[in-house]
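>>> got a structure for you, letters missing:
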Ligand code: F6R
């Protein structure tokens, strides 16, 4: 996962590289580094442990500038977070390399290079790449050829960029399985892991394909495919707004993104519903044709996106469509039996999650009728490689803990549900009801967001806690899982979710006065059952933190009414997710953790 940025220009590129790194920090932030070609034509490198701000202090305290440079923000895979393991990795002064991905045959290559006399200063797989390239430069190859020949020896997934003072006026890049874009400017060109890094300097992008090798010069770019032929790749204009990556008045991106939910839910519905009807034409013919044939749905995703899939299973099976949901890291490696008429749905915010992509790629000959992705990033690999896509329109999500991506995924899945239900005889009054429920969502979420202060008070109850339980039943079990994931990832409190009925089969043993128990209590047919489960908790001294949309009286400790009179069962999981996001956020504020960039995590998990 790691972020790469590079630039060649007629001006000092350091500010461009530092800004780019800051924008890529969501991909990793264990350590960072930069190498620029200075006025003497030499590569000067700065590296530091920790976030980009640490690197920036180093860079700002020097008077170095350069017209060509490559930079990196790291999420450790091989080798602990340390300055020596930060990129760029260099082979002497001959070549500098930044790399995102994992080289699987690195130890075999390391042994070979050691025998040739190269000595290693890091534990990274990337240093192997730098020495391999240096070896080729040593035998007289140009940088471009050195990169091509090195790439041919690498096994694994990578996006990499190399610069060498010996072949000065170019950055050479290649990708295989990890994302890389080229940004085009006026007598200056750029490279990065994604477009957001380069939005301050360009809107024009080329998305490299697997196996591409490109030479990026000040005056142009040449791209060659894996067969060595020069190719032209389409130039795309990004419509992303630069301000979408600003925090605005919010203390954290996560809070900003939680509050953006009414707006992005509306965006996701825009042009897709009208006058109480689903506008099916907005899906496109190919999607409609796939939905016609769908008899079973297999959902594959990771993390929060997997939780969205789990909610969708409850919805789909209610209309009679058998549905299985699995985390991609398991699905990709097991032998699967695909039922007839099975549609593979992948769900992903980034569209670059390595396990989800691998599951999609591995499904080629499994016998699905087709692949559909629910995704938030139009230019992503998942979108490009799926048969059809249904885009969420959450906008850029920067906070590592996913919030608006989840709720918009649920909205997208609800729209797909209506389309599938139509094919099973959904009555038009019923369709109108479902559509109107979606239409009401932005307003309902607005109302819940106004409870921020009250939820902030509730959060105090977690300040001294080490553990928490989240309970739910039916579609609220995955909502509880999502609430627990949010709490654990940003507050570092150990949190588990259980279907409330499962409590007595083990987890109840954990409940005492030091165990907060969080539960969303929708007014649904399982309410009475959940209330009994909560009584069991209360009887053992467990402290309850409850959210509901009506008054429930069971001698509650911390109870928050969502003050909504009309939460609908179908969309209630979306509404109830919001207070759980806010709870996790305010607990993390009290705990003073790094909310937008929690330890050990990264936003886009492009490695296995
Ligand atoms: C949790 C979170 C992760 C992601 C997961 C999948 O808050 O963000 O669990 O949901 O890494 O990422 P995407 O959706 O990009 O495939």
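Cool, got the structure. Treat the numbers as computed from the prediction; the structure is a model and nothing was measured. Numbering: from 1, shown residues only.
>>> packing partners for the worst-scoring helix or strand of the chain on mean pLDDT?
The helix or strand of the chain with the poorest confidence is strand 558-561; it has a mean of 78 (mean pLDDT, DSSP states H and E). Under the contact definition 3 or more CB pairs under 8 Å, 6 or more residues apart in numbering; DSSP states H and E, strand 558-561 sits against helix 452-459, strand 543-548. For glycine as for every other residue, the C-beta is placed from the backbone atoms N, C-alpha and C.
>>> what's the nearest residue to residue 338 if we skip its chain neighbours?
Counting by CB to CB, 6 or more residues apart in numbering, residue 338 lies nearest to residue 367, which is 4.5 Å off, once chain neighbours are set aside.
>>> tell me which element the one you found is part of?
Residue 367 belongs to no helix or strand when assigned by DSSP states H and E.
>>> wait, it sits on residue 342?
Yes - at 7.4 Å, residue 367 and residue 342 qualify as touching, with contact defined as CB atoms under 8 Å.
>>> more neighbours: the two, which one.
Taking neighbours as other CB atoms under 10 Å, residue 367 and residue 342 compare with residue 342 leading, 24 against 14.
>>> doesn't residue 570 lie inside a helix?
No - looking at residue 570 with DSSP: H, G, I helix; E, B strand; the rest coil, it is coil, so not inside a helix.
>>> how is this protein carved up into domains?
With domains defined by automatic domain parsing, the chain comprises 3-237, 253-445, 452-591.
>>> how about the residues of this protein by the ligand?
302-305, 348-350, 353, 356, 401-402, 485, 489, 605 (CB under 6 Å from any ligand atom).
>>> which one (most neighbours) among these?
Counting neighbours by other CB under 10 Å, residue 348 comes out on top of the residues of the chain next to the ligand with 34 neighbours.
>>> beta partners of that residue?
Beta-bridge pairing of residue 348 under DSSP bridges involves residue 375.
>>> what pLDDT, on average, does the longest helix along the chain get?
Using DSSP state H to define each element, the chain has its longest helix at helix 428-449. Averaging pLDDT along helix 428-449 yields 95.
>>> between the residues of the chain next to the ligand, which is nearest the ligand?
Of all the residues of the chain next to the ligand, the one with the least separation from the ligand (CB to the nearest ligand atom) is residue 303, at 1.9 Å.
>>> now render the residues of the chain next to the ligand as a markdown table, adding secondary structure and pLDDT.
Output for the residues of the chain next to the ligand, formatted as a markdown table (DSSP: H, G, I helix; E, B strand; the rest coil; pLDDT from 0 to 100):
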| residue | secondary structure | pLDDT |
| --- | --- | --- |
| 302 | coil | 97 |
| 303 | helix | 97 |
| 304 | helix | 98 |
| 305 | helix | 98 |
| 348 | strand | 97 |
| 349 | coil | 96 |
| 350 | coil | 92 |
| 353 | coil | 93 |
| 356 | helix | 97 |
| 401 | coil | 95 |
| 402 | coil | 96 |
| 485 | helix | 98 |
| 489 | helix | 96 |
| 605 | coil | 73 |
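>>> how about these in TSV, adding distance to residue 425?
Converted to TSV, the residues of the chain next to the ligand look like this (distance: CB to CB, whole Å):
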residue	distance to residue 425
302	34
303	35
304	33
305	30
348	32
349	33
350	37
353	36
356	33
401	40
402	35
485	37
489	42
605	40
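>>> and those, which is closest to residue 231?
Residue 231 has its nearest neighbour among those in residue 350, at 25.8 Å by CB to CB.
>>> how about that closest one, nearest residue that isn't a chain neighbour?
Excluding the flanking residues, the one nearest residue 350 by CB to CB, 6+ apart is residue 604, at 4.4 Å.
>>> what does residue 467 give?
Distances taken as CB to CB, 6+ apart place residue 494 nearest to residue 467, at 4.8 Å, with adjacent residues excluded.
>>> I'd guessed the one you found sits against residue 470; true?
No - contact status for residue 494 versus residue 470: not in contact, 11.5 Å apart, counting by CB under 8 Å.
>>> who's more crowded, these two?
Ranked by neighbour count (other CB under 10 Å), residue 494 and residue 470 place residue 470 first, with 29 against 13.
>>> show me what that one is bridged to.
Beta-bridge partners for residue 470, by DSSP bridges, are residue 497, residue 518.
>>> list the contacts for it?
Neighbouring residues of residue 470 by CB atoms under 8 Å, 6 or more residues apart in numbering: 480-481, 483-484, 487, 495-498, 517-519, 580.
>>> and these as CSV, adding pLDDT and neighbour count?
Formatted as CSV, those follow (pLDDT from 0 to 100; neighbours: other CB atoms under 10 Å):
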residue, pLDDT, neighbour count
480, 98, 27
481, 98, 22
483, 98, 29
484, 98, 25
487, 97, 29
495, 97, 25
496, 95, 15
497, 97, 24
498, 96, 22
517, 94, 25
518, 95, 28
519, 93, 26
580, 97, 26
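>>> could you list the buried residues of the helix or strand that the least confident helix or strand of the chain is followed by?
Moving toward the C-terminus from strand 558-561, the next helix or strand (DSSP H and E) is helix 572-591. For helix 572-591, burial by neighbour count (16 or more other CB atoms under 10 Å) applies to 572-589, 591.
>>> model confidence over stretch 112-132, on average?
The average pLDDT for stretch 112-132 rounds to 96.
>>> when you give positions from now on, start the count at 11
Sure thing, new numbering starts at 11, so read that last one as stretch 122-142.
>>> so residue 457 makes contact with residue 574?
Yes - Residue 457 is within contact range of residue 574, at 5.6 Å (criterion: CB under 8 Å).
>>> dump the residue contacts of the residue nearest to residue 477.
The neighbours of residue 504, taking CB under 8 Å, 6+ apart as the test, are 476-478, 498.
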